[in-house]
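Participant: starting from these lines, generate the structure:
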Amino acid sequence: MAEAAQVIDFVAPVGRENLAGRVYEELRTALFEGRMRPGQRLKIRDLAAAMQVSETPVREAVVQLARERALRLEAARSITVAGLTLDQYLELRTIRLELEGLAAEGAALRIGEAGIAALDAAHTALTAAEEAGDAVAANRANWAFHHGLYRAAAMPELLTIVESIWLRNGPMHAFLYPDARPSYPGRHRHLDIIEGLRAHDPLATRAALCADLTEGGANLVALLGRMEGA
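Facilitator: Predicted coordinates for the structure are as follows:
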């Protein structure tokens, strides 16, 4: 009996121009936004059907993402979304604090009113999605906020490195809702980031970003610890 096709609802059809690149970007964005969970099994034919393309560009994109350690190619041509152990997550967070903190400093020096307004809108969308219990929309808005912040630094080489880490970190955000929703001792740290940007204060913006990563990720760290101890 033929195996049933997997329902793929985390990618969209892509246009025909620069097909391979578009497929890669669609899958990459799905990883950034936590639309794929660690350990999730994927099939090239199902991904191709969901994106309405042939299997060749999907296969090329999957191989590239495996090289970047976002996906795993295992025995019998099995494809799974890579996850992180607690130790890996904490190590990458230490690296992120330095790199993303540097990007936050750069953004504070260069961002304009339109950029701040876009971040404010992304944060508003995040809080609305959390209140509505919409995990997909919350993770999408969170990525839009952080990616917009780091792009505003106008440091493309740094952005490339940060994105390579988020490819591996993004799927972990699939665990956030409802079991590890970010929480803070005071107001949401995104508001402190926006305040630092408006003041064009690099140190305050960096401090707020670092607090967001540590405080906002504390529940996820605790959840990973429980999962590994089970």
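
Participant: going by C-alpha atoms from here, please, whenever you check contacts or count neighbours.
Facilitator: OK.

Participant: same for the lengthiest helix in the chain, what does it pack against?
Facilitator: The longest helix of the chain (DSSP state H) is helix 86-110. With contacts defined as 3 or more Cα pairs under 8 Å, 6 or more residues apart in numbering; DSSP states H and E, helix 86-110 has these neighbours: helix 135-151, helix 156-169, helix 189-198, helix 202-216, helix 218-229.

Participant: now do that helix and helix 202-216, the angle between them.
Facilitator: 150 degrees (axes from the mean of the first three to the mean of the last three Cα atoms, to 10 degrees).

Participant: quick one: average pLDDT of helix 86-110?
Facilitator: Mean pLDDT, helix 86-110: 98.

Participant: what residues does it touch?
Facilitator: 149-155, 158-159, 162, 165, 169, 196-203, 205-207, 209-210, 213, 221, 224-225, 228 (Cα atoms under 8 Å, 6 or more residues apart in numbering).

Participant: buried sites along that helix?
Facilitator: 86, 89, 92-93, 96-97, 99-109 (16 or more other Cα atoms under 10 Å).

Participant: what about that helix, distance to the chain center?
Facilitator: 14 Å (Cα atoms, centre = their mean, to the nearest Å).

Participant: picking up where we left off before, list buried residues within the contacts of helix 86-110.
Facilitator: 149-154, 158-159, 162, 165, 169, 196-198, 200-202, 205-207, 209-210, 213, 221, 224.

Participant: per the record, what domains does this protein have?
Facilitator: For the chain, the TED database gives the domain ranges 19-81, 86-229.

Participant: run the chain-centre distance for the shortest one.
Facilitator: The chain centre lies 15 Å from the centre of domain 19-81; the measure is Cα atoms, centre = their mean.

Participant: same question, stretch 71-90
Facilitator: Using Cα atoms, centre = their mean, the offset of stretch 71-90 from its chain centre is 16 Å.
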